[in-house]
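Student: I need the structure of the sequence given here:
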Amino acid sequence: YTVNRVITQGKDVQRTTKTVPVDQMRGFISEGSNLLLHRLLIEKPVEDDLQFVSFDSDTNLCHVVYKKLHERTQKVDDMELRVYGIERTINSTSDLPTTWQSYFLRDGHLTNRVQIGSPVTMKLAKVPVQIEREEEAQKHVFEKKSLQWEEDLQLHSRFLDRKEEIKGDHATYMRHHPELRALLSDFLQFLLLRKPDDVIAFAADYFSAFSTSMPDVSPYLASNAPTPFPASHTNPRIDELRAPTR
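Tutor: Numbering: from 1, shown residues only. You can find the predicted model right below:
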């Protein structure tokens, strides 16, 4: 960020420019957002002190602390009002801390502001019109009803139409692929012959031979199995390992 500062005294104008790294600007509260933060803290009070980052009078980055003040009564236009306060302290790195105490109505109207150590005090002269907050209407919660599609004529009709559509699609596919009927016939015959306990595992093993994603099984898998006989016929102990024959 680039900070430009202009000081005008009569005809004398002083301009200074400096750059502030982005990581140092985290939690920065400008003078404009300061008032909004005050009103937010009045509407949603926070018991603990809050610390942010802001500029002092010399545009130096420093810590600023917001603290909740005790409620009190303030007389405005012959009317007693309940006000709520926030104290803001800028801990300057080059000067003494500067503290402001501000009081607000519950709706966020500023009623009193004073800088500690300064003889000047700003007070509200006339009671403002209260700001009425519109309450959000409660959303209706509808109970989820169980779906009884068998009893719903429209849904049941859609189910029957979809059922016939799928059956027709399957019949068309089987007419175009007669080998499918032969494959299923062979599987059912094989299933009835074997009568396995786990039909699902049996079907998975049966149809895995037709899957392109399954690895090819070598036809010489049995011949590659380990054997107790030496691979070399020149081994002098081959006769000892073989069983005697008579």
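Student: Need the CA coordinates for the top helix by length along the chain. CSV is fine.
Tutor: Longest among the helix segments of the chain by residue count, using DSSP state H, is helix 153-176. These are the backbone C-alpha positions of helix 153-176, laid out as CSV (Å, rounded to 0.1, in the frame of the first residue of the first chain):
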residue,chain,number,x,y,z
LEU,A,153,-51.7,-42.3,-9.6
GLN,A,154,-49.4,-39.9,-11.4
LEU,A,155,-46.1,-41.4,-10.0
HIS,A,156,-47.4,-45.0,-10.4
SER,A,157,-48.2,-44.2,-14.1
ARG,A,158,-44.7,-42.8,-14.6
PHE,A,159,-43.3,-45.9,-13.0
LEU,A,160,-45.2,-48.2,-15.4
ASP,A,161,-44.3,-46.2,-18.4
ARG,A,162,-40.6,-46.2,-17.4
LYS,A,163,-40.8,-50.0,-16.7
GLU,A,164,-42.1,-50.7,-20.2
GLU,A,165,-39.5,-48.4,-21.8
ILE,A,166,-36.6,-50.2,-20.1
LYS,A,167,-38.1,-53.7,-21.0
GLY,A,168,-38.4,-52.6,-24.6
ASP,A,169,-34.9,-51.3,-24.7
HIS,A,170,-33.5,-54.5,-23.2
ALA,A,171,-35.4,-56.6,-25.7
THR,A,172,-34.1,-54.5,-28.6
TYR,A,173,-30.6,-54.9,-27.4
MET,A,174,-30.9,-58.7,-27.1
ARG,A,175,-32.3,-58.9,-30.7
HIS,A,176,-29.3,-57.0,-32.0
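Student: can you give me the strands for this structure?
Tutor: Per DSSP state E, the chain carries strands over the ranges 2-9, 12-19, 50-55, 61-68, 72-76, 79-91, 98-104, 110-115, 121-123.
Student: Residues contacting the third one, please?
Tutor: Translated: strand 50-55. For strand 50-55, contacts defined as Cβ atoms under 8 Å, 6 or more residues apart in numbering pick out 3, 24-30, 34, 41, 61-66, 90. To be clear about C-beta, it is placed using only N, CA and C from the backbone, and glycine gets the same treatment.
Student: 6 Å instead?
Tutor: Strand 50-55 is contacted by residues G27, F28, I29, L61, H63, V64, V65, Y66 when judged by Cβ atoms under 6 Å, 6 or more residues apart in numbering.
Student: ok now the longest helix of the chain, how far from the chain's centre?
Tutor: Chain-centre distance of helix 153-176: 42 Å, with Cα atoms, centre = their mean, to the nearest Å.
Student: for this protein, what are the low-confidence residue spans?
Tutor: Scanning the chain for pLDDT under 70 picks out the ranges 213-246.
Student: Give me the domain ranges for it.
Tutor: The record's domain parsing of the chain by automatic domain parsing lists 2-123, 153-210.
Student: just these: most buried one?
Tutor: Counting by mean count of other Cβ atoms under 10 Å, domain 2-123 has the highest mean neighbour count of these, with a mean of 13.
Student: L155 reaches W149, doesn't it?
Tutor: Yes: counting by Cβ atoms under 6 Å, W149 is a contact partner of L155 at 4.0 Å.
Student: ok, E87 - contacts?
Tutor: Residues near E87 by Cβ under 6 Å, 6+ apart: K67, L69, Q101.
Student: returning to that earlier point: closest to V46 among the contacts of strand 50-55?
Tutor: Nearest to V46 among the contacts of strand 50-55, counting by Cβ to Cβ, is Y66 at 8.2 Å.
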